[in-house]
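Enquirer: Sequence plus the predicted model coming up.
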Amino acid sequence: MSGNLNLTSRRDRTRLNLMQALEDAIYFRRLRATEACLDCDPDGTPCDDHACDLRLIGDYRRSLDAVIAGVVVTGGDTGLPGQ
Ligand SMILES: [Zn+2]
């Protein structure tokens with residue numbers, strides 16, 4: 001399903017919660033990624049921790065895009081509460 005969310009629908013509420021959790025995770029990782037770090041290389045190469053943050057931001061963004069597009073949580077048991 002794509003388009004408007006129906007907040008009386010358990011599936012759509014779960015979808016909305018998942019979208020919010022991913023947005024929060026992206027925000028958290030972005031804050032971490034912008035912190036000053038002595039382990040990151042001055043040439044801009046991130047340390048392992050910050051490289052992980054950047055990779056996760058991309059992963060979370062793709063997951064969020066998939067949820068928005070209705071690819072995820074469109075049917076069946078997702079294992080998420082409220083299903
Ligand atoms: Zn770093």
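Expert: Right, received. Where do you want to start? Computed from a predicted structure; not experimentally measured.

Enquirer: Name the residues of this structure found near the ion, please.
Expert: For the chain, the contact set with the ion under C-beta under 5 Å from the ion comprises C37, D39, C40, C47, H50. (Each C-beta comes from the backbone N, C-alpha and C, glycine too.)

Enquirer: Now do the same contact list for the last one.
Expert: By that I understand H50. H50 sits next to R32, A33, C37, D39, C40 when contact means C-beta atoms under 8 Å, 6 or more residues apart in numbering.

Enquirer: And D39, by the same measure?
Expert: Contacts of D39 by C-beta under 8 Å, 6+ apart are C47, D48, D49, H50.

Enquirer: Name the SS class of it, please.
Expert: Per DSSP: H, G, I helix; E, B strand; the rest coil, the secondary structure class of D39 is coil.

Enquirer: Check the spacing between it and D24 real quick.
Expert: 25 Å (C-beta to C-beta, to the nearest Å).
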